[in-house]
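Visitor: How does the following fold in three dimensions:
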Amino acid sequence: MDSVTLRPFRADDTLWLVERHGTLYAEAEGFDDSFAPLVAEILGAFIADHDPTCERGWIAEEAGQRLGSIFCVRLDETTAKLRLFLLVPEARGRGLGRRLLDTCMGFARDKGYTQMQLWTHESHRAACALYAATGWQLTDSKPVHSFGVDLVEQTWKITL
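Guide: All right, here's what the predicted structure looks like:
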C-alpha cells in the first residue's frame with residue numbers, strides 16, 4: 001500500500017467516479033440506473049460550489065490507476081459530512097479504506113469541525129464495520145426502496 005497515493009480530487013475524475021459508482025453498485029447491490037446520475041449531481045455540486053478552505057475530495061491512486069475516493073463536505077458550522085467513499089474491489093483488504101477514512105476525518109478535525117456524519121446502507125457491511133471500529137455510532141436506520149431495490153438506510157455520526 002506504500003505505493004498508493006492520496007491526491008486531491010480533480011474535475012477530470014468525475015466521469016470515472018460516476019461510472020465506478022454506477023457499475024460497482026449495480027453489480028454488488030443490484031442498483032438501477034438512477035444511482036449514477038445521483039453521484040454525478042453530487043460531484044457537479046461539489047465542483048461548482050465547494051469551499052476549498054473547509055471541503056475536500058481525495059482520489060486514491062496507484063501506478064496511475066484510480067482505486068477509490070472519499071469526500072469531506074460542510075454540513076454546517078460544526079459538522080462535516082463524509083461522502084462518496086468508494087474502493088474498487090481489487091483495492092479492498094489492503095488497509096486503504098482505513099487510510100482514506102483517517103485522512104478525511106483528520107482533515108475535518110484540522111478544519112475545526114467537531115463532528116461528522118454520513119449516510120449509507122446496511123448492506124455495505126465492510127464499510128459499516130470500519131465505521132464502527134473507528135468510533136462512529138449508528139444513529140438511525142430505516143427500510144427504504146431506493147435505486148430499484150429494498151435497502152436499509154443508515155445514518156452514522158462521530159464526535160471528532
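Visitor: From now on I want contacts and neighbour counts done on CA atoms only, so please keep to that.
Guide: OK.
Visitor: which stretches of this protein form helices?
Guide: For the chain, applying DSSP state H gives helices covering 14-29, 35-49, 96-110, 125-133.
Visitor: just those helices: most buried one?
Guide: Using mean count of other CA atoms under 10 Å, the stretch among the helices of the chain with the largest mean neighbour count is helix 96-110, at a mean of 19.
Visitor: packing partners for that one?
Guide: Other elements packing on helix 96-110 under the criterion 3 or more CA pairs under 8 Å, 6 or more residues apart in numbering; DSSP states H and E are strand 65-74, strand 79-87.
Visitor: could you give the mean pLDDT of that helix?
Guide: On average, the pLDDT along helix 96-110 is 97.
Visitor: Identify the residues contacting that helix?
Guide: Contact with helix 96-110 is made by 1, 6, 54, 58, 60, 69-72, 80, 82, 87, 114, 116, 130, 160, as judged by CA atoms under 8 Å, 6 or more residues apart in numbering.
Visitor: still on that earlier bit, got JSON lines for the helices of the chain, with distance to residue 141 too?
Guide: As requested, the helices of the chain are exported to JSON lines (distance: least, CA to CA, whole Å):
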{"stretch": "helix 14-29", "distance to residue 141": "18"}
{"stretch": "helix 35-49", "distance to residue 141": "20"}
{"stretch": "helix 96-110", "distance to residue 141": "21"}
{"stretch": "helix 125-133", "distance to residue 141": "12"}
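Visitor: Quick one: closest of these to residue 76.
Guide: helix 96-110 (12.1 Å; CA to CA).
Visitor: Only alpha carbons, please: show that closest one as CSV.
Guide: Presented in CSV, the C-alpha positions along helix 96-110 are these (Å, rounded to 0.1, in the frame of the first residue of the first chain):
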residue,chain,number,x,y,z
LEU,A,96,-6.7,1.7,2.1
GLY,A,97,-10.3,2.2,3.3
ARG,A,98,-8.9,3.0,6.8
ARG,A,99,-6.3,5.3,5.3
LEU,A,100,-8.9,7.2,3.3
LEU,A,101,-11.2,7.4,6.3
ASP,A,102,-8.4,8.6,8.6
THR,A,103,-7.4,11.2,6.1
CYS,A,104,-10.9,12.6,5.7
MET,A,105,-11.5,12.6,9.5
GLY,A,106,-8.1,14.3,10.1
PHE,A,107,-8.9,17.0,7.6
ALA,A,108,-12.3,17.6,9.3
ARG,A,109,-10.6,17.9,12.7
ASP,A,110,-8.0,20.2,11.3
